[in-house]
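A.B. asks: Quick check, what structure comes out for this input:
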Amino acid sequence: MSRFPLLPASLPRLLLPAALMIALGACSSLLGGGERSQVTIYSPVVKIQPDPSWPKVDWALVLVKPTAARVVDSPRINVRPNPGELEVYKGVSWAQPATDMVDDALVRAFEDSGRITGVARATTGIRADYKLALDVRRFESDYRGQPTPTAFIEINAKLIHVIDQRVVADRTFRQEQPVGSSATGDVARALEQGLQAVTTELVGWTLTTGQADSKTAAVIPTRLR
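C.D. replies: I've put the predicted structure just below:
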């Protein structure tokens, strides 16, 4: 018998209707049957503390919408019970897909840092000096043969100079947070902690790397319109 309620990762995204993103504890009908089940929705809140060592920059940044494989970019909470196996927890969900959680966390973190002239999503069409492109590779819990899982987040980041589309830096960020139990609530909290930690790393890296490049290349900063 499984240690925790799971659903195969191959089930279509319609398994969790859009209505689940609106109300906690919403009821959903599983595809292929009339069974109704209670769904708990988790909505991570990420708020970082700026590091005093971060530079205050006079350039603007746009965040490109993060990319991810379809199985990662989902409101379902993924788990690896065994190596090479990917499943999802039953009866729980994120309020939004992983890419949206990462995007929202970073926009808020940059804005709250007080270290940057301007930051916005690429879809706003603002003029900026740099853009940050992200690929979310992992956002899941993994048992790795242990009795309790570890929360894993892996994100590749590319900082790009907008004018000449030059890749200033490329780095992969990884966060591991021991869960300590198999309870889905503890898994969600561990992933929230991992998201906060990786967001902090990404903000600090972007500001420091971009500022060093700006000085070296003598970039003339553009202003938000």
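
A.B. asks: pretty sure Ser214 is in a strand, no?
C.D. replies: No - per DSSP: H, G, I helix; E, B strand; the rest coil, Ser214 lies outside any strand segment and is helix.

A.B. asks: mind checking how far the nearest residue to it once chain neighbours are set aside is from Glu140?
C.D. replies: Nearest residue to Ser214, sequence neighbours excluded (CB to CB, 6 or more residues apart in numbering): Trp59, at 5.6 Å. The way it works is simple: take the backbone N, C-alpha and C, and place the C-beta from them, glycine included. Here Trp59 is placed at a distance of 34 Å from Glu140 (CB to CB, to the nearest Å).

A.B. asks: try Phe110
C.D. replies: Distance of Phe110 to Glu140, computed by CB to CB: 25 Å.

A.B. asks: May I ask which helix or strand of the protein has the lowest mean pLDDT?
C.D. replies: Least confident helix or strand, the chain: strand 27-29 with a mean of 34, by mean pLDDT, DSSP states H and E.

A.B. asks: Touching, Arg108 and Val45? I think so.
C.D. replies: No - taking CB atoms under 8 Å as the definition, Arg108 is not a contact partner of Val45, at 9.5 Å.

A.B. asks: More neighbours: those two, which one.
C.D. replies: Remark: of Arg108 and Val45, Arg108 carries more neighbours, 16 against 10, as counted by other CB atoms under 10 Å.

A.B. asks: what residue ranges in the chain score low on pLDDT?
C.D. replies: Low-confidence segments of the chain (pLDDT under 70): 1-36, 217-225.

A.B. asks: Quickly find the element holding the residue most central in space within it.
C.D. replies: Against the mean C-alpha coordinate of the chain, by CA atoms, centre = their mean, the closest residue is Val102 at 2.8 Å. Applying DSSP states H and E as the criterion places Val102 in helix 98-113.

A.B. asks: How far does that helix sit from its chain's centre?
C.D. replies: Centre-to-centre, helix 98-113 and its host chain are 8 Å apart (CA atoms, centre = their mean, to the nearest Å).
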